[in-house]
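> Quick one, what's the 3D model for this:
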Amino acid sequence: MENKPKKKTSAPDFKDAKCKPFYLEGGSTAVLLIHGFTGSPAHMLPLGEALNAAGYTVRGILLPGHAETVAAMSRTDWTEWLGASEKALKKLRDSHEKVVVGGLSMGGLIACRLAETHPVNGLLCYAPALKFRRAINKFAPVVKHLFPYMSWKTNDRLRDPGFMKEYNIGYLGLPVAKVEDLIALQKQTLPELSKIKCPALIVQSRFDEQVHRDVPKTLCEGISSSVREVMWLTKSPHVCTIGADHEEVFDRTIKFLRANVG
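Residues are numbered from 1 along each chain as shown. Predicted coordinates:
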């Protein structure tokens, strides 16, 4: 995390339709997609559209406090983010034969928690935030008093011509106090990974600027599923669902679901 951004573009336009929750009707297998910390459904929409074109029903949710204002996010916590995800999962389970949970970053962490506590048919983790790359996040309880707000660390791959920048809509920084909520989610999730018994796909970039590179190993060693696939990317930033590898990510996800879920 950096206290001062080098140079930022104009403020995000959360009135953009890409930031809204989406529901794409498809077949009897549904996929719940959960965006990340300070992000928006825009980060998940291209993946959702690709899955829907492949025949899946897809719901992309908007977590409380997101795609609004940083102040609004500061008034929410991890229990609300998890609760909103559980509510969306229940709706899909009530109306579909099979349900898969998936998410990016914190959304991937939430998806893991849902797979631990609810019966699901598959798990899709895109750069799941089970462990931070930088130790400073652990000191959020102290740092928040010195720097209440910090800008996101930049990544050269955000400038890659293959990066879907039109979908990169989220807060330009973060309320540092909310990192404690991320840590709380990690503490809920990590000790119970063995409860995950469904097939799991884990996708992470080798150039992820936020999530530790050990996370795929942690998941593979922790979960009980006999199907644990890892896909490493070489062109994407942390927001790998819209990175330059996105076509490969979409194709691999669809192949994984067809082979392991139906």
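> Help me confirm that residue 175 comes into contact with residue 74.
Yes: taking contacts as Cβ atoms under 8 Å, residue 175 lies within contact range of residue 74: 4.5 Å. All C-beta spots, glycine's among them, are computed from the backbone N, C-alpha and C.
> And those two? Which one has more around it.
When neighbours are counted by other Cβ atoms under 10 Å, residue 175 and residue 74 differ, and residue 175 comes out ahead with 22 against 16.
> hey, what's the residue nearest the centre of the chain bridged with?
In the chain, the C-alpha nearest the mean C-alpha coordinate belongs to residue 104, at 1.5 Å (Cα atoms, centre = their mean). Taking DSSP bridges, one obtains residue 126 as the residues bridged to residue 104.
> how much space is there between it and residue 243?
For residue 104, the distance to residue 243 (Cβ to Cβ, to the nearest Å) stands at 11 Å.
> Same check on residue 120?
When residue 120 is compared with residue 243 (using Cβ to Cβ), they lie 25 Å apart.
> These two: which is more packed in?
Summary of the neighbour comparison: residue 120 and residue 243, criterion other Cβ under 10 Å, with residue 243 having more neighbours (29 against 24).
> Chain neighbours aside, what residue packs nearest to that one?
residue 236 (2.5 Å; Cβ to Cβ, 6 or more residues apart in numbering).
> looking at this, that neighbour is in a helix?
No: when the secondary structure is assigned by DSSP: H, G, I helix; E, B strand; the rest coil, residue 236 falls in coil instead of a helix.
> Okay, and the closest residue to residue 128 other than its chain neighbours sits in which element?
Spatial nearest neighbour of residue 128, chain neighbours left out: residue 108 (3.0 Å); criterion: Cβ to Cβ, 6+ apart. With the criterion set as DSSP states H and E, the secondary-structure element containing residue 108 is helix 106-117.
> Show me which positions of stretch 22-38 end up buried.
When burial is assessed from 16 or more other Cβ atoms under 10 Å, stretch 22-38 yields the following buried residues: 22, 24, 26, 29-38.
> Going by neighbour count, which residues of the lengthiest helix in the chain are buried?
If each helix of the chain is counted by residues according to DSSP state H, the longest one is helix 78-95. Within helix 78-95, the residues scored as buried using 16+ other Cβ under 10 Å are 78, 81-82, 84-85, 88-89, 91-93.
> Next: stretch 183-202.
Buried residues in stretch 183-202, counting neighbours by 16+ other Cβ under 10 Å, are found at 183, 185-186, 188-190, 193, 196-202.
> do stretch 124-131 as well
Burial within stretch 124-131, assessed by neighbour count using 16+ other Cβ under 10 Å, is assigned to 124-130.
> Any chance of those residues in TSV with distance to residue 154 and pLDDT as columns?
Formatted as TSV, these follow (distance: Cβ to Cβ, whole Å; pLDDT from 0 to 100):
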residue	distance to residue 154	pLDDT
124	26	98
125	24	98
126	20	98
127	16	98
128	22	98
129	18	97
130	23	96
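> I am finished for the moment; much appreciated.
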